[in-house]
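In: Okay, predicted coordinates and the sequence, questions at the end:
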Amino acid sequence: MSSHSAGPRSAAPIVLMFAAVVVFLSATVRQNALWKNDVDLWDHVIQGKQAPTARAFIYRGTALLGAGRIEQAIDDFDAALAVDPYYYDAYNNRGAAFGMMEEYGLALSDLDRAILLQPFSTNAYANRGKVYMHMRRFDRAVEDFTAAIRLNASLAAVYAYRGSVFREMDRRDEAVRDLTTAISLDPGLAQAYVERGLLYRNTGKAGPAAADLQRACELGSADGCDALSAAGRRQVP
């Protein structure tokens with residue numbers, strides 16, 4: 001097991017402002033049912049090598065992280081860094097994993113290192129912004145999400161996270177702008193509809209609020225359905 005912990009780790013991923021955990025990883029991996037196949041594949045590769053490469057540990061660690069096996073993923077990122085102490089992917093992915101474990105100091109240390117190694121890294125800025133968001137250091141979160149957007153303006157989730165932070169800061173116009181951009185980039189991003197719907201509701205725009213929450217509910221968001229039901233406006237898809 002990894003020896004990095006500054007204290008006991010939580011057994012469950014952190015509760016984000018967004019119900020769906022979006023982690024910005026640096027290795028090409030697949031999702032859902034294929035995670036287990038990826039883990040099995042890289043188990044075979046690593047066990048078949050006398051001296052496994054750092055990349056093999058990165059790929060298996062990323063697959064483990066996608067499968068929710070966070071402690072084991074961190075062990076693999078540790079192993080990758082033991083082979084190559086300057087491996088950007090290992091710092092970025094391990095930082096994301098520490099963030100999921102609510103070990104924010106360790107997460108920031110790794111993500112700072114990742115950005116030092118690759119100053120134009122969209123993923124590391126996005127992940128560090130999420131850490132600052134959960135620490136409620138909103139100004140720093142906005143700075144990092146903005147840096148990520150400047151490097152890659154096509155990531156809907158980053159706009160959505162920044163919009164959520166703006167909502168927390170009561171910067172409503174900027175929140176609506178970012179959440180609308182997120183939806184235009186990814187019309188299936190349910191939680192962006194939830195965030196915008198709640199913002200509309202809190203500013204007295206009942207019609208647009210109901211429309212956004214209804215759409216979120218149709219996309220399978222429990223938050224959207226609950227908010228719509230609480231308002232007495234739910235129409236079951």
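Out: Perfect, thanks for sending it.
In: Dump the C-alpha coordinates for stretch 87-106 into CSV.
Out: C-alpha atoms of stretch 87-106 as CSV (Å, rounded to 0.1, in the frame of the first residue of the first chain):
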residue,chain,number,x,y,z
TYR,A,87,7.4,11.7,-15.4
TYR,A,88,4.7,14.3,-15.8
ASP,A,89,1.9,11.8,-16.3
ALA,A,90,2.6,10.2,-13.0
TYR,A,91,2.5,13.5,-11.0
ASN,A,92,-0.7,14.6,-12.8
ASN,A,93,-2.5,11.3,-12.3
ARG,A,94,-1.3,10.8,-8.8
GLY,A,95,-2.3,14.4,-7.9
ALA,A,96,-5.8,13.7,-9.3
ALA,A,97,-6.0,10.5,-7.2
PHE,A,98,-4.9,12.3,-4.0
GLY,A,99,-7.6,14.9,-4.7
MET,A,100,-10.2,12.1,-4.9
MET,A,101,-9.0,10.9,-1.5
GLU,A,102,-9.3,14.4,-0.1
GLU,A,103,-5.6,14.6,0.6
TYR,A,104,-5.4,18.1,-0.7
GLY,A,105,-1.8,18.9,0.4
LEU,A,106,-0.4,15.9,-1.4
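In: Tell me the buried residues in it?
Out: Within stretch 87-106, the residues that count as buried by 16 or more other Cβ atoms under 10 Å are 87-104, 106. Just so you know, the C-beta spots here come from the backbone N, C-alpha and C atoms, and that holds for glycine as well.
In: Could you do stretch 186-201 as well?
Out: 186, 189-201.
In: what residues does it touch?
Out: With contacts defined as Cβ atoms under 8 Å, 6 or more residues apart in numbering, stretch 186-201 is touched by 17-20, 156-157, 159-160, 163-164, 167, 172, 175-176, 179-180, 182-183, 206, 208-213, 215-216, 219-221, 223-224, 227, 231.
In: Of those, which qualify as buried by neighbour count?
Out: For those, buried by 16+ other Cβ under 10 Å: 17-18, 156-157, 159-160, 163-164, 167, 175-176, 179, 182-183, 209-213, 215-216, 219, 221, 223-224, 227.
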